[in-house]
Structure formats: C-alpha cells, structure tokens
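1. Mind folding the following:
(one chain, ligands or ions: 1)
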Amino acid sequence: MSRLVVVSNRVAPIQEGEATAGGLAAGVLDALRQKGGIWLGWSGNIRDVPEQQPEHIVGAISLFTIDLSRKDYDEYYRGFANGTLWPVLHYQIGLGRFEWVEYEGYRRVNSLFAQALAKLARPDDLIWVHDYQLLYMAEAARDAGLTNRIGLFLHTPFPAPGVFMTIPAHADLFRAVCQYDLIGFQTEIDRAAFLDYAVRHAGGTVRDEVLSVFDRIVRVGVYPIGVHVDEVRASAELPRNRRQATRIRAALLDRLILSVDRLDYSKGLPQRFAAFERFLAEYPAHHNLVTFMQIAPPSRSDIETYQAIRRELEGEAGRINGRFAEVDWVPLRYLNKSFERNVLMPLYAAAQACLVTPLRDGMNLVAKEFAAAQDPDDPGVLILSEFAGAARELGDALLVNPYDEAGVAAAMDRALTMPLEERQDRHRGMLAAMRENSLERWRDRFVADLGGQG
Ligand code: F6P
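-> Numbering: from 1, shown residues only. Got it, this is the predicted structure:
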C-alpha cells in the first residue's frame with residue numbers, strides 16, 4: 001500500500017496539550033493520527049547552519065523537520081509567503097509588497113523542502129503538500145527527480161484573477177502550481193477563480209474536474225476541511241469542561257459573545273470591534289449584561305502589518321471600554337495569547353454567540369468547532385462572515401457582511417435574543433452539514449483522488 005507523505009510549512013506540536021498555530025496544523029495532525037504517515041515541515045528554528053533534524057516518531061506519525069537560515073526565513077516566510085502571497089490571497093492588496101529577491105528566496109526554500117522530501121520518499125508514496133507557502137514545491141520536486149503523484153491542498157482562498165495578477169511573478173508562479181497532479185480548494189468559489197485564471201490567462205481548457213494546461217493534466221477539486229463533530233462535542237461534555245463552562249457563565253454575566261482568531265488583518269478584528277461598539281451604542285438593553293471576549297494570539301509578529309493591527313486593536317479595546325464600562329462591568333475582554341483546547345472547549349460551550357467575521361478566510365475551523373461544541377438542547381448562535389469558506393456549508397448560521405457594522409451589531413442582538421426553537425433548528429442544520437464534510441471525509445476524498453481512485 002502507498003504511504004502518505006504530508007509536507008507543510010508548519011508542523012503541529014506533537015505533544016498533547018500544546019496549543020497549535022492554526023487550523024492547518026491541527027487538521028493535518030488529526031488526519032495523520034488515524035491513518036499514520038510521514039510529515040515533513042519546518043522545525044520552527046532559524047539557524048546559521050540549517051540542519052535536517054533526526055526523525056521523530058509519535059504513534060503512527062514519523063516527523064521530519066528542517067531548519068531555515070535567517071535569509072531563508074526573511075525572504076521566504078516573512079517575505080514572499082506572508083508579505084506578498086498571504087495579503088493577495090485574502091484580497092488585501094494594499095497590505096502586500098513584492099520584491100523579486102524574496103520571490104527567488106521562496107523558490108529556493110521550496111526547493112530545500114523538495115530536496116529533503118526526495119531523501120525520504122519512495123517511488124509509490126502519495127505526496128500531499130499543504131498551503132500557500134509551498135506552491136512551488138511540485139516543480140522543485142520534479143527537478144529533484146521525484147515522479148510520484150503530488151497533490152496540493154490550498155487552505156486559503158484563491159482570489160479573482162485580477163487580484164492574483166497584482167503579483168508581478170503571477171505567470172511563473174501559476175505555471176509552477178500546475179506541476180501538481182491534483183489541486184484541492186476549500187470552496188467552489190476558489191476553484192472557479194483558479195480555473196478562470198487558467199483559461200483566460202494561461203491558455204488552459206477545462207473538462208469536468210480536469211484542467212489541461214502547459215501540456216499537463218491537472219485535476220482540480222473542492223474538498224472542504226471539517227472537524228470531528230462527535231469528538232468536539234464529547235470534549236465539551238467532559239465533566240471538568242462542563243464545570244468550567246458553568247463557572248464561566250456565572251463569572252461573565254451569562255451573555256458571552258466569543259471570538260477566537262489568530263491576530264491577523266484578514267480576520268476583520270477592527271471591523272468587529274467597531275460593530276461591537278455600534279451594538280453597545282444602539283442596543284443599550286444589553287448593558288451590564290454582555291461580555292464580548294476576543295481571544296487573539298499574536299501571529300507573525302515580526303511583520304510590520306501585523307504589528308500595526310496589534311497597536312490599532314489595543315487602542316480600540318481601551319477606547320471602547322473607556323466609553324462604555326461601568327465600575328462593575330467591562331464589556332470587552334481582549335486577550336493576546338493562545339489557549340489549549342481544554343480551555344477553549346468550555347468557553348465555546350459557555351458562549352451564547354460566537355462572532356466569526358473574517359474579511360476573507362479559506363474555511364475557518366473556529367466556526368465549525370464552536371457549532372460542534374454546542375449543547376443541542378440549548379445551543380449558542382454562530383454569527384458568520386459570508387466571506388469565510390465555512391459560510392458555504394453553514395448557511396444556518398447568522399450570515400453577515402463583516403464590513404457592515406450596523407448589520408453585525410443587529411446580528412449580535414438577534415443572537416442574544418433568539419428563541420430556543422430557532423437556535424435548535426439552526427444548530428441541527430449546521431450539525432448535518434458538518435457531518436457531511438467531516439475531517440475524515442476531507443482526508444479520504446483527497447487521498448483517493450490523489451491516488452487516482454476517485
Ligand atoms: O491555516 C492557515 C495558516 O496560514 C497555515 O498555513 C499556517 O500554518 C497557520 O495559518 C498559522 O500561521 P503561521 O504558520 O504563519 O504561524
């Protein structure tokens with residue numbers, strides 16, 4: 001049987017109890033834990049003399065990691081991946097910058113990953129690469145002599161062609177991406193945008209799920225990433241988590257609106273704070289009763305655009321509390337740190353509403369985890385941006401436009417006053433949709449299509 005080899009920039013902390021950096025690492029970890037496989041990624045270390053770390057075996061997973069030099073990190077991670085690609089993929093063109101030298105660094109580091117892969121891959125391994133940091137890897141792997149089937153799953157959105165084309169290297173990058181055998185997207189919107197570029201700007205033709213371009217055949221599909229619905233619920237139901245949820249409800253006045261996001265400009269935090277301020281101004285009946293808790297662990301904090309949003313939010317949180325707080329009531333709690341799952345689960349379970357309002361997001365697993373953690377007899381309400389991939393499946397959430405402050409404020413009021421029966425109906429709909437696209441199904445469909453059995 002073919003082995004599964006996963007490659008991603010970030011690997012999950014394998015020890016139990018450690019907080020993970022984002023949805024990708026947690027999702028891949030879960031997917032690999034069940035079936036086993038090999039996982040190659042960056043060690044997280046920056047060293048003068050980068051090394052490949054020794055294999056680390058945890059259960060059914062063999063983990064291989066490589067270090068990066070300072071130059072690699074600056075040009076690849078801080079530079080092209082997160083300074084250029086990330087903002088463009090999330091439609092934030094104004095926040096992006098482009099330097100050819102960083103693009104070269106991105107290609108060079110993708111080649112480093114490919115060379116490390118070539119050392120450990122066997123000819124019949126299936127190679128599954130993840131996310132925007134490694135778009136160039138299939139081309140580099142071919143150059144390193146690998147003839148395996150190689151698939152890419154893009155966790156982020158793929159933007160409309162006109163937005164993608166603001167990257168000066170777009171043509172070269174697109175040609176490299178088409179060296180993959182299978183490319184998976186979160187939603188049909190992303191797939192359609194990719195194919196639109198392929199047809200209009202790269203001379204491709206499309207038939208069913210197959211793209212013919214640059215003398216290659218590339219399969220292009222939609223694989224929405226999911227969560228383990230029953231495991232999330234079971235974890236929220238653990239006696240210690242139930243006790244903690246009860247304590248949180250008592251301490252936080254029983255009307256908790258919760259948000260959990262990496263501190264990233266794509267998550268729409270300033271717009272969300274503004275909407276909460278509008279809610280406080282226009283719906284005074286909730287004064288002294290509501291708490292909005294924003295958990296936002298710092299992310300990519302050595303990039304200026306991330307430092308700027310952090311400064312902005314700190315100022316706004318202080319200003320909003322200064323305007324509305326009373327001696328015995330603080331409406332906004334803003335926490336800049338990450339929490340383990342056993343802290344988040346009781347919070348999800350205790351919250352009456354969860355605000356997930358990114359300006360753009362590939363999927364957003366917080367939305368799905370919140371919905372899965374709810375008690376079906378008395379569920380909380382999900383307020384979800386129509387620009388999150390999750391909105392394509394979770395139409396039973398209260399869908400909002402994150403740029404519409406008044407609309408988001410009205411949704412907060414509606415969530416906190418929604419009758420039980422409507423909350424139950426919406427929750428049932430969301431559970432059914434999430435069961436349809438579980439994490440297992442995401443993995444199994446992608447791997448089957450990559451192996452040519454789909
Ligand atoms: O889930 C999207 C993602 O961009 C991953 O690719 C990434 O690992 C994660 O968010 C966290 O970002 P970073 O690895 O830059 O800390």
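
2. got the contact list for the helix or strand of the chain with the lowest mean pLDDT?
-> Within the chain, no helix or strand scores below helix 23-35, which has a mean of 78 by mean pLDDT, DSSP states H and E. Under the criterion CB atoms under 8 Å, 6 or more residues apart in numbering, residues 4, 6, 8, 10-14, 20, 39, 59-61, 130-131, 155, 225, 228, 363-366, 439-440, 442-443 lie in contact with helix 23-35. For the C-beta atoms, the positions are set from N, CA and C on the backbone; glycine is no exception.

3. Past it, which element shows up next along the chain?
-> strand 37-46 (DSSP states H and E).

4. hmm, back to that, just the buried positions in the least confident helix or strand of the chain, please.
-> Buried residues in helix 23-35, counted by 16 or more other CB atoms under 10 Å: 23, 24, 25, 26, 27, 28, 29, 30, 31, 32.

5. Mind splitting this protein into its structural domains?
-> 4-225+439-450, 229-435 (automatic domain parsing).

6. Pull the distance from the longest one to the chain's centre.
-> Right, domain 4-225+439-450. Distance of domain 4-225+439-450 from the chain centroid (CA atoms, centre = their mean, to the nearest Å) equals 14 Å.

7. do the last one as well
-> In terms of CA atoms, centre = their mean, the centre of domain 229-435 is found 16 Å from the chain centre.

8. Now do the buried residues in stretch 278-295.
-> For stretch 278-295, a neighbour-count test (16+ other CB under 10 Å) marks 278, 279, 280, 283, 286, 290, 291, 292, 293, 294, 295 as buried.

9. now for these, which pair is the farthest apart?
-> For those, the maximum inter-member distance is 23.0 Å, found between 283 and 295 (CB to CB).

10. Now narrow the contacts of helix 23-35 to whatever sits close to the ligand.
-> 10, 131, 155 (CB under 6 Å from any ligand atom).

11. Residues of the stretch 51-200 of the chain that sit close to the ligand?
-> Near the ligand, when you scan the stretch 51-200 of the chain using CB under 6 Å from any ligand atom, you find 131, 155.

12. Point me to the residue of the stretch 51-200 of the chain nearest the ligand.
-> residue 131 (4.1 Å; CB to the nearest ligand atom).

13. Kindly report the same for the stretch 351-454 of the chain.
-> Counting by CB to the nearest ligand atom, the stretch 351-454 of the chain gets nearest the ligand through residue 362, at 6.7 Å.

14. Next, count neighbours for that residue.
-> Residue 362: 28 surrounding residues under other CB atoms under 10 Å.

15. next one: residue 208
-> Neighbours around residue 208, by other CB under 10 Å: 7.

16. so where's this protein uncertain?
-> 13-23, 253, 453-454 (pLDDT under 70).

17. Pretty sure residue 312 sits against residue 270.
-> Yes: applying CB atoms under 8 Å, one finds residue 312 in contact with residue 270, separated by 5.8 Å.

18. Skipping adjacent residues, who's closest to residue 173 in space?
-> residue 135 (6.1 Å; CB to CB, 6 or more residues apart in numbering).

19. For that neighbour, which residues are in contact?
-> 85, 110, 152, 173, 176, 177.

20. on contacts alone, who are the packing partners of the host helix or strand of residue 102?
-> Assessed by DSSP H and E, residue 102 sits inside helix 100-120. Identification of packing neighbours for helix 100-120 by 3 or more CB pairs under 8 Å, 6 or more residues apart in numbering; DSSP states H and E yields strand 4-10, strand 37-46, strand 61-68, helix 70-72, helix 137-143.

21. I'd like a version of those in a markdown table, one that adds mean neighbour count as further columns.
-> Output for these, formatted as a markdown table (neighbours: other CB atoms under 10 Å):
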| stretch | mean neighbour count |
| --- | --- |
| strand 4-10 | 23 |
| strand 37-46 | 20 |
| strand 61-68 | 20 |
| helix 70-72 | 15 |
| helix 137-143 | 22 |
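
22. possible to save these as JSON lines with distance to residue 183?
-> Below are those laid out as JSON lines (distance: least, CB to CB, whole Å):
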{"stretch": "strand 4-10", "distance to residue 183": "15"}
{"stretch": "strand 37-46", "distance to residue 183": "19"}
{"stretch": "strand 61-68", "distance to residue 183": "24"}
{"stretch": "helix 70-72", "distance to residue 183": "25"}
{"stretch": "helix 137-143", "distance to residue 183": "9"}
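
23. for these, which one sits closest to residue 373?
-> strand 4-10 (24.2 Å).

24. mind listing what the closest one pairs with, with the direction of each?
-> strand 37-46 (parallel), strand 126-130 (parallel) (DSSP bridges).

25. Indicate which one of those is closest to residue 333.
-> strand 37-46 (29.3 Å).

26. Now do that closest one: everything it contacts.
-> Contacts for strand 37-46 (CB under 8 Å, 6+ apart): 3-11, 28, 32, 53, 60-70, 73, 77, 113, 116-117, 120, 125.

27. so what's residue 77 up against?
-> Contacts of residue 77 by CB under 8 Å, 6+ apart are 9, 42, 68, 109, 133.

28. partner residues bridging the closest residue to residue 154 other than its chain neighbours?
-> What sits nearest to residue 154 in space, not counting adjacent residues and going by CB to CB, 6+ apart, is residue 185, at 5.7 Å. Counting by DSSP bridges, residue 185 is bridged to residue 222.

29. Straight-line length of stretch 199-216, end to end?
-> 14 Å (CA to CA, to the nearest Å).

30. Run through who's touching it.
-> 161, 165, 171, 174-175, 178-179, 195, 198, 217-221.
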